[in-house]
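Visitor: pasted the sequence and its predicted model underneath.
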Amino acid sequence: MDASKTEGLKGFEDAIASPYQHTLNHSFTLTGMGLHTGATATVTVYPAPPHQGRYFGYQDQPDIPAHLSSVHQTQFCTTLKQADTTIATVEHLLAALAGMGIDNARIDLDGPEVPILDGSAQRWTEAILKAGYQVQSELRLRPTLHHPVLVQDADAFVMALPEPHLSFSYGIEFPEPAIGKQWYRLSPNAFLSDIAPARTFGRAKDVESLQAKGFIKGGSLDNALVCRQDEWLNPPLRFANEPVRHKLLDLIGDLSLLGYFPPAHYVAYKASHSLHIRFAKRLQQALLG
């Protein structure tokens, strides 16, 4: 097959509708600062052969598959590890690749963390659109989910309900009136327009404690939304419910570590990277068992 395309895929549903695997038509490069390390890194994403999946290359170290088996830690971001090499904050780039239907890609970078850019996946998706894609000759893996899968921690949960088509719903709840309770369901063909631009967010009262623990060294009002009770310190928001949309972006990036998305309705509430990954592992067990 190997039919080259220069136009981009329209959205999440279109991206996964094809039975065939996809890769990029051309490589692309972006440079930026890591949210947690504050270190500058340059990332170049290359086309890759069928069945290679999405994987990271770091200097002369062993490649790190973007797979559940590589997950190292999930505190405030998702970090992958192979041997002694770790790559942090992979979720936004992986969400962009998965959401735009790129199954196979080599991701080379020269720093320990994927750049945060503007806090969303928008610049990644724009670069993917510009690079274009190739439809490859090999079929995608299409496992079928036959029973609901649930992972819960107190009132937080992630679950999958068997359905013939892929869909996502997410809910969050914070005491700050600026955020409050939010729910969002991803509509067909809306990943590019409705999810990719949603930026990461945080609370002003948490900033100092996170920095004291060694996190968000590269955080700023240019790459994260920050709220104080009933106001945002850096408005305007791109969407009235931008925080919950970003949480759904994180979920897609974390679930992409499965390597595929079984058709189902995925529902999450008050979840975290840790709960996303726990759920993905439970889902993997259900599909393999």
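Guide: Structure received.

Visitor: quick one: contacts for Met269?
Guide: Not Met; residue 269 is Tyr. For Tyr269, the contact set (Cβ atoms under 8 Å, 6 or more residues apart in numbering) comprises Asp155, Ala156, Phe157, Val158, Tyr170, Gly171, Ile172. In short, each C-beta sits where N, CA and C put it, glycine included.

Visitor: those, buried ones only, as a ChimeraX selection?
Guide: To isolate the buried members of the contacts of Tyr269 in ChimeraX, using 16 or more other Cβ atoms under 10 Å:
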select :156,157,158,170,171,172
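
Visitor: can you name the two of the contacts of Tyr269 that sit furthest apart?
Guide: By the measure Cβ to Cβ, Asp155 and Tyr170 form the most distant pair in these, at 14.5 Å.

Visitor: can you put the contacts of Tyr269 in JSON lines and add distance to Glu138 and secondary structure?
Guide: Listed next are the contacts of Tyr269 as JSON lines, based on distance: Cβ to Cβ, whole Å; DSSP: H, G, I helix; E, B strand; the rest coil:
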{"residue": "Asp155", "distance to Glu138": "42", "secondary structure": "coil"}
{"residue": "Ala156", "distance to Glu138": "37", "secondary structure": "strand"}
{"residue": "Phe157", "distance to Glu138": "35", "secondary structure": "strand"}
{"residue": "Val158", "distance to Glu138": "30", "secondary structure": "strand"}
{"residue": "Tyr170", "distance to Glu138": "32", "secondary structure": "strand"}
{"residue": "Gly171", "distance to Glu138": "37", "secondary structure": "strand"}
{"residue": "Ile172", "distance to Glu138": "38", "secondary structure": "strand"}
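
Visitor: which one among the contacts of Tyr269 gets closest to Trp183?
Guide: Using Cβ to Cβ, Gly171 is the member of the contacts of Tyr269 that lies nearest Trp183, at 4.5 Å.

Visitor: ok, the closest one touching Arg185?
Guide: No - if you go by Cβ atoms under 8 Å, Gly171 and Arg185 don't touch, sitting 9.8 Å apart.

Visitor: where does the protein dip in pLDDT?
Guide: Scanning the chain for pLDDT under 70 picks out the ranges 1-16, 188.

Visitor: all helices of it, in order?
Guide: 12-17, 91-99, 122-131, 204-212, 242-255, 273-288 (DSSP state H).

Visitor: out of the ones you listed, which is closest to Pro197?
Guide: helix 122-131 (4.5 Å).

Visitor: just checking, what packs against the closest one?
Guide: strand 28-33, strand 40-47, helix 91-99 (3 or more Cβ pairs under 8 Å, 6 or more residues apart in numbering; DSSP states H and E).

Visitor: can you redo these as TSV with distance to Ser272?
Guide: Converted to TSV, the helices and strands packed on helix 122-131 look like this (distance: least, Cβ to Cβ, whole Å):
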stretch	distance to Ser272
strand 28-33	23
strand 40-47	24
helix 91-99	12
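
Visitor: buried deepest among these, which one?
Guide: Of the helices and strands packed on helix 122-131, the one with the most neighbours on average (mean count of other Cβ atoms under 10 Å) is helix 91-99, at a mean of 28.

Visitor: now do that helix against helix 273-288, angle only.
Guide: Relative orientation of helix 91-99 versus helix 273-288 (axes from the mean of the first three to the mean of the last three Cα atoms, to 10 degrees): 30 degrees.

Visitor: helix 91-99 packs against which elements?
Guide: If you count contacts as 3+ Cβ pairs under 8 Å, 6+ apart, helix 91-99 packs onto helix 12-17, strand 40-47, strand 54-58, helix 122-131, helix 242-255.

Visitor: if we go to 6 Å?
Guide: helix 122-131, helix 242-255 (3 or more Cβ pairs under 6 Å, 6 or more residues apart in numbering; DSSP states H and E).

Visitor: now find how far off-centre stretch 159-175 is within its chain.
Guide: Centroid displacement of stretch 159-175 relative to its chain, using Cα atoms, centre = their mean, to the nearest Å, is 15 Å.

Visitor: start and end of that stretch, how far apart?
Guide: Start and end residues of stretch 159-175 are separated by 24 Å (Cα to Cα, to the nearest Å).

Visitor: give me the buried positions along it.
Guide: Neighbour-count burial for stretch 159-175, counted by 16+ other Cβ under 10 Å, picks out Met159, Ala160, Leu166, Ser167, Phe168, Ser169, Tyr170, Gly171, Ile172.

Visitor: partner residues bridging the second one?
Guide: When bridges are assigned using DSSP bridges, the partners listed for Ala160 are Val149, Tyr266.

Visitor: gap between it and Leu287?
Guide: For Ala160, the distance to Leu287 (Cβ to Cβ, to the nearest Å) stands at 10 Å.
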